[in-house]
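A.B. asks: Here is my input, please return the structure:
(one chain, ligands or ions: 2)
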Amino acid sequence: NKKGFIFDLDGVIVDTAKYHFLAWKRLAKSLDIHFTEEENEQLKGVSRVRSLEKILAWGNKTISKDQFTELMSKKNEEYLSYIAEMDSSEILSDVPRVLQYLIEKQQPISLGSASKNARVILDRVDLRKHFDAIVDGNDVSKAKPDPEVFLIAAKLLNIDPKDCIVFEDSVAGVTAANTANMVSIGIGSKDVLGHADYVFNDFTEISDDFLNELINN
Ligand code: BG6
Ligand code: MG
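C.D. replies: Ligands and ions are numbered 1, 2, ... in the order given. Predicted structure coming up:
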């Protein structure tokens, strides 16, 4: 029995939200916009362009197209400087165990991320070798909640979407998985991810037995 296991990256495999926050906060400050951690929460799973649009809207600012492009690249430069310091100690709890179990069971594994930095991050934490396919922000034209990213992953894995299982921490990502007709597993709080088929606080709550059921159902 083969299922396609698709992992979001940010907030599922690594906690990069803190680095996005630092970089967005400095950018907002340069525009005299006060940017809070609660607002940063709302940027989870949201593309880079859309994130800046939201920050500008919260701050009631309009800027030129050129300035927008410049701010986007500045933000990413700073973000990448944090990423450069990452190592495998930043992999979230029990992610390696779950990956190992799925590999032992010969299950196809893909990444399905909105980030254009996904490959760099997977290399930093030395997990890239475990993925049979990688689909990230460079490969899609429509951002989550559009299911495109997960549908491309299913195609690359050569698995029917209905036989795919998605691990996601964002509202938009769970919606994307549901729309793709995949099994959605929310990683985070039930209050936020109630629309997922299953919700766990983190991977320590996901047992090998549960994974085995997903494979055999
Ligand atoms: C998502 C993150 O995975 O990727 C968002 O949750 C981020 O916070 C988005 O904005 C795009 O990432 P990047 O690395 O291309 O700026
Ligand atoms: Mg995420």
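
A.B. asks: going forward, measure contacts between C-alpha atoms and count neighbours the same way
C.D. replies: Fine.

A.B. asks: of all of this protein, which residue lies closest to ligand 2?
C.D. replies: residue 10 (4.1 Å; CA to the ion).

A.B. asks: show me where the chain has helices.
C.D. replies: Per DSSP state H, the chain carries helices over the ranges 17-30, 37-41, 48-58, 65-83, 95-104, 118-124, 148-157, 171-179, 208-216.

A.B. asks: Least confident of those, on average?
C.D. replies: Note on those: lowest mean pLDDT is at helix 37-41, with a mean of 91.

A.B. asks: measure residue 19 to residue 40 for me?
C.D. replies: Distance of residue 19 to residue 40, given as CA to CA, to the nearest Å: 11 Å.

A.B. asks: cool, and residue 11?
C.D. replies: From residue 11 over to residue 40 the distance is 13 Å, taken as CA to CA.

A.B. asks: These two: which has the busier surroundings?
C.D. replies: Using other CA atoms under 10 Å, the more surrounded residue of residue 11 and residue 40 is residue 11, with 21 against 18.

A.B. asks: In this structure the more buried one contacts residue 169, no?
C.D. replies: Yes: contact between residue 11 and residue 169 holds when scored by CA atoms under 8 Å: they sit 5.8 Å apart.

A.B. asks: quick revisit: now do the same contact list for the residue of the chain closest to ligand 2.
C.D. replies: Neighbour list for residue 10: 16, 17, 45, 113, 115 [criterion: CA atoms under 8 Å, 6 or more residues apart in numbering].

A.B. asks: what does residue 182 give?
C.D. replies: Residue 182 touches 161, 162, 163, 164, 165, 166, counting by CA under 8 Å, 6+ apart.

A.B. asks: can you tell me which residues contact the fifth one?
C.D. replies: Meaning residue 165. By CA under 8 Å, 6+ apart, residue 165 lies in contact with 3, 4, 5, 6, 182, 183, 184, 185.

A.B. asks: how about those residues in TSV, adding pLDDT and distance to ligand 1?
C.D. replies: Shown next, in TSV, are the contacts of residue 165 (pLDDT from 0 to 100; distance: CA to the nearest ligand atom, whole Å):
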residue	pLDDT	distance to ligand 1
3	98	23
4	98	20
5	99	17
6	99	13
182	99	19
183	98	19
184	99	16
185	98	16
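
A.B. asks: Closest one of those to residue 152?
C.D. replies: Nearest to residue 152 among the contacts of residue 165 is residue 6, at 10.7 Å by CA to CA.

A.B. asks: ok, now how distant is that closest one from residue 24?
C.D. replies: In this view, residue 6 and residue 24 are 28 Å apart by CA to CA.

A.B. asks: who has more neighbours, the two?
C.D. replies: Neighbours were counted for residue 6 and for residue 24 using other CA under 10 Å; residue 6 has more, 28 against 25.

A.B. asks: where's that one relative to residue 209, distance?
C.D. replies: Distance, residue 6 to residue 209, by CA to CA: 18 Å.

A.B. asks: how many neighbours does the nearest residue to residue 186 once chain neighbours are set aside have?
C.D. replies: Using CA to CA, 6 or more residues apart in numbering and skipping residues adjacent in sequence, the residue nearest residue 186 is residue 199, 4.4 Å away. Residues near residue 199, counting by other CA under 10 Å, number 23.

A.B. asks: what sits against residue 199?
C.D. replies: Residue 199 is in contact with 185, 186, 187, 188, 189, 190, 193, counting by CA under 8 Å, 6+ apart.
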